[in-house]
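K.L.:
Here's my sequence, what's the structure:
(chains A and B)
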Amino acid sequence: MSFVEFYSSEQLQSVLRPTLSQQLDQAIEDHNWLLASKILAAFIDTWAIGGSIQYAWQHWTSDCDPTALAVLSRANDIIRIIGGSPLRIPVPRALPPYLELEGHEIIDRRAEICAKALTGEIWGVLLHSPVPLLPQAQLALGELRMEAKAQQALERLGLVGLLAPSAPLWQDCFGRAPSGRQGERLRLMCDLAILPSTPGRLAKGELKPTAWLLWNGPAHALPVHRIAYDILHNIDKGTEHAINTAGLSMEQGEEVISELLAIGALDCIS
Amino acid sequence: MKASGSLTILGLGPARKEHITLEAVQALREAAEHGRPTYALAHARAIVQDLVPSLYPKSLDYLYTIHGVDRPTAYRDLAKMMLRKAYVEGHNVLYVVAGSPLFYNDAVLFIRKIAQEKGHQIRLIHGMSFVDLVLDQVHWTGHHGLQLYSAWNIAHDDIPVRNSTPVLLCQLGEFSAEGSALDTSKSSEMLKKLQEKLLLSYPEEHRVRILYSSGPPQYHSLSVSLSILELPHRTVPVYSNLWIPGLGGVE
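P.N.:
Sure thing, here's the model as predicted:
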């Protein structure tokens, strides 16, 4: 199965999200908060990944786009979380030069590898085992990360990271959704969900049902106030009805709607 | 490339671009032009980028984040690393520091000592020291001497101060892992400890003065007068200083 197939709308609805949801319930029941937080984050991220996987696949395989690689890598993280085998990320062009070492070798070979990294003779070092926690080993790793153009990407993303040294962290991949336009009739631009918490709170064992806005595209999900959720939930029945249902005055409701347009949760029906 | 390199240590001055020497600006421009390996910590990197946008100093910030590596070990490692790149690998290395390279910079001290032992010539480009800047908030000319210590020396190293001569204590804050010079998070602890030590030599109502900077973009020097008793109730950025006049009003 390819990335695009794995994250297709049908797979997301019938396999991936139900599996994550089940795992999340179990982790919460077990009070395994760190795992629960990880699964919740994965569940939320399936929206942004599902909406950008095709673009990411195309742009990685055609021009080694760094953001595309970060998306594919996060997609693999989630596959691992549900117990699957990560999919192969292709290597679209020849890799820049690199070395392969055991983690402990970094101490004795520090000067040699960092010298090569500084001149660009190598772009990174693939470490086959963990670098010891000894100060001299960690200092050597620090220098290597400073000097080698793609070391940090290589450590995060594997050998393909050598082709995208500037690959962003997943949390930096996307910004906000584009703002919507004001109009007489508005439509929802994202999915809505009430989830058990935020990943940060859940890691501390705090269960607090939270409303989430989830975009099927390259935009990070946002937790919102329950009133915003209520308005969005009823927006297809008209602005006035949605505001009344949320228990707000028209003035207050219009302010909330203006914010929801700004964050791209709503747009006008043209 | 073998053994024909050089190491330049460049002081940027306290923070404002106007305080940087022409020699320093020229060296930074040359480094950009010739692609010289350039290294700096966070706050110095930002100043360099502002001055010479085409120069990208490599970040030494990781030295503050390695678990189990204390500052002296990190600074020694930095010193050996800079010297290796210059005199073993043969690069023309530029190491950029904030302020003057000669005031409270242990890494520079290690570099200079090792370089002297090994017979390497290093180039020093002086930068204005913070001392020049902060003294405009007090009235001191040198006639009564000056005791200059880091706050850490007094708070933790049990170095005694003489209460008859003015004292300037620098770096009232302490760097956290991010290495931000504007970080105030660790200063309360330092000020509390300082208070304990100062009360051994001064009455609690003795007026002292915190000397600090307004921060970017103007970096005006500012000060606030308070008693030793009030010290622990303050938070200050890392590079704040404390002026303690001598007893009897000796400044």
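K.L.:
From here on, just use CA atoms for contacts and neighbour counts.
P.N.:
Fine.
K.L.:
So for the residue nearest the centre of chain A, what's the nearest residue that isn't a sequence neighbour?
P.N.:
The centroid of chain A falls nearest to A:Trp170 when counting by Cα atoms, centre = their mean (4.4 Å). Take A:Trp170 and drop its neighbours on the chain: the residue closest to it by Cα to Cα, 6 or more residues apart in numbering or on different chains is A:Ala70, 5.9 Å away.
K.L.:
tell me the pLDDT at the one you found?
P.N.:
For A:Ala70, the pLDDT comes out at 97.
K.L.:
helix, strand or coil for A:Leu207?
P.N.:
Following DSSP: H, G, I helix; E, B strand; the rest coil, A:Leu207 is assigned to coil.
K.L.:
That one contacts A:Ser197, doesn't it?
P.N.:
Yes - look at A:Leu207 against A:Ser197 with Cα atoms under 8 Å: they come within range, at 5.4 Å.
K.L.:
on that earlier part again, help me confirm that the residue nearest to A:Trp170 is found in a helix?
P.N.:
Yes - under three-state DSSP, A:Ala70 sits within a helix.
K.L.:
Let me know the distance separating it from B:Ile9.
P.N.:
38 Å (Cα to Cα, to the nearest Å).
K.L.:
A:Ala36 too?
P.N.:
Taken as Cα to Cα, the span from A:Ala36 to B:Ile9 is 50 Å.
K.L.:
Where do the strands of the stretch 101-250 of chain B begin and end?
P.N.:
In the stretch 101-250 of chain B, the strands defined using DSSP state E, counting those that start in this stretch lie at B:122-125, B:147-150, B:167-170, B:207-213, B:221-227, B:241-244.
K.L.:
Chain A is nearest to which of those strands?
P.N.:
Closest to chain A of the strands of the stretch 101-250 of chain B is strand B:122-125 (Cα to the nearest Cα; 20.2 Å).
K.L.:
quick one, domains of the chain?
P.N.:
You didn't pick a chain, so chain A it is. Listed domain ranges for chain A are A:3-91, A:99-149, A:186-268 (source: automatic domain parsing).
K.L.:
not what I meant, chain B
P.N.:
Looking at automatic domain parsing, the domains of chain B come to B:6-128, B:131-244.
K.L.:
mind listing the strands for chain A?
P.N.:
Taking DSSP state E, the strands of chain A run over residues A:99-101, A:125-127, A:186-188, A:191-195, A:210-214, A:222-224, A:266-268.
K.L.:
which stretch among the ones you listed comes nearest chain B?
P.N.:
So among the strands of chain A, strand A:125-127 is nearest, using Cα to the nearest Cα, at 17.9 Å.
K.L.:
what is the mean pLDDT for that closest one?
P.N.:
98.
K.L.:
what does stretch B:81-94 give?
P.N.:
98.
K.L.:
how far does that stretch stretch from start to finish?
P.N.:
Terminal-residue distance, stretch B:81-94 (Cα to Cα): 12 Å.
K.L.:
Verify the stated contact: A:Ala153 with A:Trp170.
P.N.:
No - between A:Ala153 and A:Trp170 there is no contact under Cα under 8 Å: 12.0 Å.
K.L.:
Next one: B:Tyr75 from chain A, what distance?
P.N.:
To chain A, B:Tyr75 is 11 Å away according to Cα to the nearest Cα, to the nearest Å.
K.L.:
From what I see, that residue and B:Ile111 are in contact.
P.N.:
No - when contacts are counted by Cα under 8 Å, B:Tyr75 is not listed as touching B:Ile111 (9.1 Å).
K.L.:
okay, the two: which has more neighbours?
P.N.:
More neighbours surround B:Ile111 than the other of B:Tyr75 and B:Ile111, with 24 against 21 (other Cα atoms under 10 Å in any protein chain shown).
K.L.:
who's in contact with that one?
P.N.:
By Cα atoms under 8 Å, 6 or more residues apart in numbering or on different chains, B:Ile111 lies in contact with B:76, B:79-80, B:82-83.
K.L.:
Do you have the helices of chain B handy? List them.
P.N.:
For chain B, the helices defined by DSSP state H occupy B:22-34, B:42-51, B:71-83, B:106-118, B:130-134, B:151-156, B:187-198.
K.L.:
What of the stretch 151-270 of chain A?
P.N.:
Remark: helices assigned in the stretch 151-270 of chain A by DSSP state H, counting those that start in this stretch are A:151-157, A:199-203, A:226-233, A:239-245, A:250-262.
K.L.:
how about the ones you listed in CSV, adding mean neighbour count, distance to chain B and mean pLDDT?
P.N.:
Shown next, in CSV, are these (neighbours: other Cα atoms under 10 Å in any protein chain shown; distance: least, Cα to the nearest Cα, whole Å; pLDDT from 0 to 100):
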stretch, mean neighbour count, distance to chain B, mean pLDDT
helix A:151-157, 21, 13, 97
helix A:199-203, 19, 21, 97
helix A:226-233, 20, 34, 95
helix A:239-245, 18, 44, 92
helix A:250-262, 17, 31, 94
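K.L.:
so can I have JSON lines of those helices showing distance to B:Ile154?
P.N.:
Output for those, formatted as JSON lines (distance: least, Cα to Cα, whole Å):
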{"stretch": "helix A:151-157", "distance to B:Ile154": "40"}
{"stretch": "helix A:199-203", "distance to B:Ile154": "40"}
{"stretch": "helix A:226-233", "distance to B:Ile154": "53"}
{"stretch": "helix A:239-245", "distance to B:Ile154": "63"}
{"stretch": "helix A:250-262", "distance to B:Ile154": "53"}
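K.L.:
Which of the ones you listed sits closest to B:Pro57?
P.N.:
helix A:151-157 (17.1 Å; Cα to Cα).
K.L.:
For the residue nearest to B:Asn241 when sequence neighbours are not counted, give the beta-bridge partners.
P.N.:
Nearest residue to B:Asn241 in three dimensions, chain neighbours excluded: B:Cys170, at 4.4 Å (Cα to Cα, 6+ apart). For B:Cys170, the beta-bridge partners are B:Ser150 (DSSP bridges).
K.L.:
could you list every residue that touches B:Cys170?
P.N.:
Contacts of B:Cys170 (Cα under 8 Å, 6+ apart): B:148-151, B:239-242.
K.L.:
Under the pLDDT cut-off, which ranges of chain A? List them.
P.N.:
Across chain A, nothing is flagged by pLDDT under 70.
K.L.:
and it, which of its residues are near chain B?
P.N.:
A:115, A:135, A:138-139, A:142, A:146-147 (Cα under 8 Å from any Cα of the partner chain).
K.L.:
just for chain B, where's the confidence low?
P.N.:
By pLDDT under 70, the weakly predicted segments of chain B are B:1-3, B:174-182, B:250-251.
K.L.:
Show residues contacting stretch A:226-238.
P.N.:
With Cα under 8 Å, 6+ apart, stretch A:226-238 has contacts from A:185-188, A:192, A:210-212, A:241-243, A:245-246, A:256, A:260.
K.L.:
chain center to that stretch: distance?
P.N.:
Centre-to-centre, stretch A:226-238 and its host chain are 26 Å apart (Cα atoms, centre = their mean, to the nearest Å).
K.L.:
same thing with stretch A:130-150?
P.N.:
Using Cα atoms, centre = their mean, the offset of stretch A:130-150 from its chain centre is 27 Å.
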